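K.L.:
attaching a predicted model along with its sequence, questions to come.
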Amino acid sequence: INLLEDYKIKGKQNDVMNYDVNVYLNLCTFYFFNQNIKKANEHIGHLLIKNIYQKLSPELRLSIDIVDLILQIELNDNLHAEHKLSEIKRVFKSKLNHSSFEKEKEFLKIIPFFIYQKNVKWNATKQQKVDSFLKKYIKLEPGSNEALHYTLWIQSKLKNQNYYTLLLSELTK
């Protein structure tokens, strides 16, 4: 984190967009791992700035938006999370209909269960949908486009465990 924080300052001097994206996205995930959700949210916010965000590939923008959505849920900002979910579905509607984005599409279908998890009764239908997703996408693929692994995040919520602990456990299998 300290090294990336130093790079963040040096990158501002160089004004290189790809550099900023890598630094801020990695800082976001590292702060998330350390359960510093507010700091993670600050760093993802830098990537959502219009002059950076609009220049990114649609795939990377979708990944960043899903991380932002997860962070809003973690911060218990349900209104922002609801708005973000609607925005993602609207903006990426055509992308989400491609088979290469099936995982993201299915994740976005079950994410509302977690936005209001404390206020909504968890029924068998919801559990079945979540279980189906978890079984289908259990494999961890390091180097994938997911800044945060959706299945592990869901498991961390269901088991009330630290995401990073689950990630380390999966990586050492």
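P.N.:
Ah, there it is. Numbering: from 1, shown residues only.
K.L.:
please look at Gln155 and Thr165 and confirm they touch.
P.N.:
No. In this structure Gln155 lies outside contact range of Thr165 using C-beta atoms under 8 Å: 10.6 Å. C-betas here are computed from N, CA, C, even on glycine.
K.L.:
give me the below-cutoff pLDDT ranges for the protein.
P.N.:
For the chain, the stretches flagged by pLDDT under 70 are 7, 9-19, 117-122, 142-145.
K.L.:
can you map out the helices along it?
P.N.:
In the chain, the helices defined using DSSP state H lie at 2-14, 17-33, 37-47, 50-53, 58-74, 78-91, 93-96, 102-110, 112-115, 124-136, 150-159, 163-171.
K.L.:
returning to that earlier point: Gln155 and Thr165: who's more crowded?
P.N.:
Legend: neighbour count by other C-beta atoms under 10 Å for Gln155 and Thr165, higher for Gln155 (18 against 13).
K.L.:
any idea how far the closest residue to that one other than its chain neighbours is from Asn160?
P.N.:
In this structure, Gln155 finds its nearest non-sequential neighbour in Leu166, 5.8 Å apart by C-beta to C-beta, 6 or more residues apart in numbering. From Leu166 across to Asn160, the span is 11 Å (C-beta to C-beta, to the nearest Å).
K.L.:
before we move on, what about Ile66?
P.N.:
22 Å.
K.L.:
look at those two and report which has more neighbours.
P.N.:
Ile66 (24 against 6).
K.L.:
who touches the more buried one in this structure?
P.N.:
Ile88, Glu104, Phe107, Leu108, Glu146, Ala147, Leu148, Tyr150 (C-beta atoms under 8 Å, 6 or more residues apart in numbering).
K.L.:
which ones are touching the last one?
P.N.:
Translated: Tyr150. Applying C-beta under 8 Å, 6+ apart to Tyr150 gives the contacts Ile66, Lys103, Glu104, Phe107, Tyr137.
K.L.:
how close does the second one get to Lys8?
P.N.:
Translated: Lys103. 30 Å.
K.L.:
again with the fourth one
P.N.:
According to C-beta to C-beta, Phe107 stands 29 Å off from Lys8.
K.L.:
since that was my last question, I'll sign off now.
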